[in-house]
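Asks: Structural data only, the sequence is not supplied:
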């Protein structure tokens, strides 16, 4: 799956939207799937905490990505 992804393009998209939530979710999911990407470049876009799934309850904070997660996505 990772071979087909243009992670630089995905990061450019995050930059263009200015969405911290999109950057958090993308970084977390790429890392969980062991896909190589420019982690620090993406982290610079994150300035707020968000949830992986906005409807989730009882989640745990992934402090690296400022993201509340409930389940394993592997």
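Replies: Arrived safely. Because the structure is predicted, anything quoted here is derived from the model rather than measured.
Asks: By average pLDDT, which secondary structure element in this structure comes out worst?
Replies: Least confident element among the helices and strands of the chain, by mean pLDDT, DSSP states H and E: strand 60-62 (a mean of 92).
Asks: who does that one touch, helix- and strand-wise?
Replies: Using 3 or more CB pairs under 8 Å, 6 or more residues apart in numbering; DSSP states H and E as the contact criterion, the neighbours of strand 60-62 among helices and strands are strand 67-69. No exception for glycine: its C-beta is placed from N, CA and C like everyone else's.
Asks: Buried ones in the strand it packs on, by neighbour count?
Replies: In terms of neighbour count (16 or more other CB atoms under 10 Å), strand 67-69 has its buried residues at 67-69.
Asks: hang on, the earlier thing: the least confident helix or strand of the chain pairs with which strands, parallel or anti?
Replies: Using DSSP bridges, the strands paired with strand 60-62 are strand 67-69 (antiparallel).
Asks: Just send the buried residues of strand 67-69 back as TSV, with distance to residue 21 and pLDDT too.
Replies: TSV is the format used below for these (distance: CB to CB, whole Å; pLDDT from 0 to 100):
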residue	distance to residue 21	pLDDT
67	9	95
68	11	94
69	13	94
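Asks: picking that back up, what sits up against the least confident helix or strand of the chain?
Replies: Outside strand 60-62, the residues that touch it by CB atoms under 8 Å, 6 or more residues apart in numbering are 28, 49, 67-70.
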